[in-house]
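J.: have a look at this prediction, sequence included:
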Amino acid sequence: MSGIMGTHVLTQVALVVHDIEASKARLAQLLGVPEPPVFGSGEYAVTQTEVRGAPAPGAACKMAFFSVGDSVQIELIQPNETPSVWRDFLNERGEGLHHIAFNVKGMDSVILSCEGFGMTLLQKGNYGDGGGRYAYFGGGGLPFILELLENF
């Protein structure tokens with residue numbers, strides 16, 4: 001089975017939080033693992049972030065990643081105040097489950113497949129280190145945000 005995305009293997013579950021330092025300390029304690037480092041989302045010159053189809057040079061976040069299996073991560077995201085899918089979620093819903101993610105191959109064709117499935121592209125960009133790209137989708141009759149990840 002590969003479905004619309006070409007995969008059904010979950011890669012990541014992400015939570016949006018107000019305070020990444022407090023949240024990662026608490027989650028590390030819960031899991032019994034060391035606290036991971038915090039990363040910034042990167043410079044716009046690399047990320048080329050777009051929110052709802054428009055350039056969003058100010059949209060940024062802090063992130064921390066916990067490995068919780070051979071191929072699954074829990075990601076914590078603390079957005080800055082600039083409008084983004086992360087900030088909108090935090091403002092409208094508070095802290096909580098933001099998205100689930102899958103690694104894909106051929107992002108452009110998977111984006112078209114998701115749009116054909118009735119999903120709306122909400123935000124996209126490149127990883128801050130330039131090593132890949134992401135795309136967030138909403139809608140399509142699904143009660144969550146879907147993230148596609150493609151590593152270069």
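T.: Done, it's in. Numbering: from 1, shown residues only.

J.: on contacts alone, who are the packing partners of the lengthiest helix in the chain?
T.: Scanning the chain for the longest helix, with DSSP state H as the assignment, gives helix 20-31. If contacts are counted by 3 or more Cβ pairs under 8 Å, 6 or more residues apart in numbering; DSSP states H and E, helix 20-31 sits against strand 61-67, strand 73-79. For glycine as for every other residue, the C-beta is placed from the backbone atoms N, C-alpha and C.

J.: run the chain-centre distance for the first one.
T.: In this view, strand 61-67 has its centroid 10 Å away from the chain centroid, taken as Cα atoms, centre = their mean, to the nearest Å.

J.: for the nearest residue to Ser2 once chain neighbours are set aside, which three-state class applies?
T.: With Cβ to Cβ, 6 or more residues apart in numbering as the measure, His8 is the residue that lies nearest to Ser2, at 6.7 Å, once sequence neighbours are left out. Applying DSSP: H, G, I helix; E, B strand; the rest coil to His8 yields a three-state assignment of coil.

J.: go on, the one 3 residues further on?
T.: For Thr11, the assignment made with three-state DSSP gives strand.

J.: do you know how far the residue at the greatest distance from the centre of the chain is from Val68?
T.: Summary for the chain: using Cα atoms, centre = their mean, the residue whose C-alpha lies farthest from the chain's mean C-alpha position is Gly32, with a distance of 24.1 Å. With distances defined as Cβ to Cβ, to the nearest Å, the gap from Gly32 to Val68 amounts to 11 Å.
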